[in-house]
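Novice: only geometry, no sequence info:
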C-alpha cells in the first residue's frame, strides 16, 4: 500500500460524492472515489485508512460520532458521520468482504439523488453526478439511513450553532496563556 496523499482527502472534501472499498487485480484492497464531475479515481490504500484521514481532516473520529450520535438514532453500527454543516457521510454495505476487509462504503448525503430497489436486499444509490452504486440493503433501510443523517445534521447544528455565531459575530473570547 502506498502512502495516502492529503491532497486526495482535500479533493474529496470539496468535490466528492462517495468512496467504496474495491478489490483491484495485482493491488488488492483499494478505495474508489466518486466525484461530482463524473470522474472516479482508484487509490492504492484501504478505504478504512481513507475514512480515518477524512475524519482527521475534519477533526473528528468514528468513535466520537458513534458515541455522540449513535444513541440518537438507536444504532451502534452503520452510524452516519457528520463532518461539517451540510456534510454528512452515510455508511452502506457495498460488497461481501474477503477475510477482514471492510464491506462499508461511504456516501455524502447531500449528493444522493434517489434509491432504486433491485431486489429485496439490493438497492442502487443514484448520485447527482449520474454515478450509480449498488448496496446490500433494502430501499427502506437506505431511506432510513438518509433520515438518520438528516437528524444527526440537525443535532450537530444545535450543538455547534451557538459557538459558530460567536465566531461570526466576533464575540468569541480567545484566551492565551503566557508562560
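Specialist: Great, that's in hand. All values reported here derive from a predicted model rather than from experimental measurement. Residues are numbered from 1 along each chain as shown.

Novice: Where does pLDDT dip in the protein?
Specialist: When residues are selected by pLDDT under 70, those of the chain lie in 1-2, 157-179.

Novice: for the spatially most central residue of the chain, what are its contacts?
Specialist: Of all residues in the chain, the one closest to the mean position by CA atoms, centre = their mean is residue 89, 2.8 Å from it. Counting by CB atoms under 8 Å, 6 or more residues apart in numbering, residue 89 touches 54, 80, 81, 83, 106, 107, 108, 109. C-betas here are computed from N, CA, C, even on glycine.

Novice: the helices in this structure, which residues?
Specialist: Residue ranges of the helices in the chain, as given by DSSP state H, are 6-15, 47-57, 62-73, 139-169.

Novice: Throw those into CSV and include mean neighbour count and distance to residue 38, thanks.
Specialist: Written out in CSV, the entries for the helices of the chain read as follows (neighbours: other CB atoms under 10 Å; distance: least, CB to CB, whole Å):
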stretch, mean neighbour count, distance to residue 38
helix 6-15, 15, 11
helix 47-57, 18, 20
helix 62-73, 15, 29
helix 139-169, 15, 22
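
Novice: And these: which comes nearest residue 115?
Specialist: Minimum separation from residue 115 across those (CB to CB) falls at helix 139-169, 4.4 Å.

Novice: So the residue nearest to the centre of the chain versus residue 119, what's the distance?
Specialist: Distance, residue 89 to residue 119, by CB to CB, to the nearest Å: 25 Å.

Novice: now residue 65
Specialist: According to CB to CB, residue 65 and residue 119 sit 30 Å apart.

Novice: before we move on, the earlier item: hey, what's the residue nearest to the centre of the chain bridged with?
Specialist: Using DSSP bridges, the beta-bridge partners of residue 89 come out as residue 81, residue 108.

Novice: Can you give me the end-to-end span of stretch 106-113?
Specialist: Its start and end residues considered, stretch 106-113 measures 15 Å (CA to CA, to the nearest Å).

Novice: What residues of it count as buried?
Specialist: 106, 107, 108, 109, 111, 112 (16 or more other CB atoms under 10 Å).

Novice: next one: stretch 120-139
Specialist: By neighbour count with 16+ other CB under 10 Å, stretch 120-139 contains the buried residues 123, 125, 126, 127, 129, 131, 133, 134, 135, 137, 138, 139.

Novice: Find the nearest non-adjacent residue to the last one, please.
Specialist: I take that to be residue 139. residue 117 (4.1 Å; CB to CB, 6 or more residues apart in numbering).

Novice: what sits against that neighbour?
Specialist: With contacts taken as CB under 8 Å, 6+ apart, residue 117 has the following neighbours: 123, 138, 139.

Novice: Thanks a lot, see you next time.
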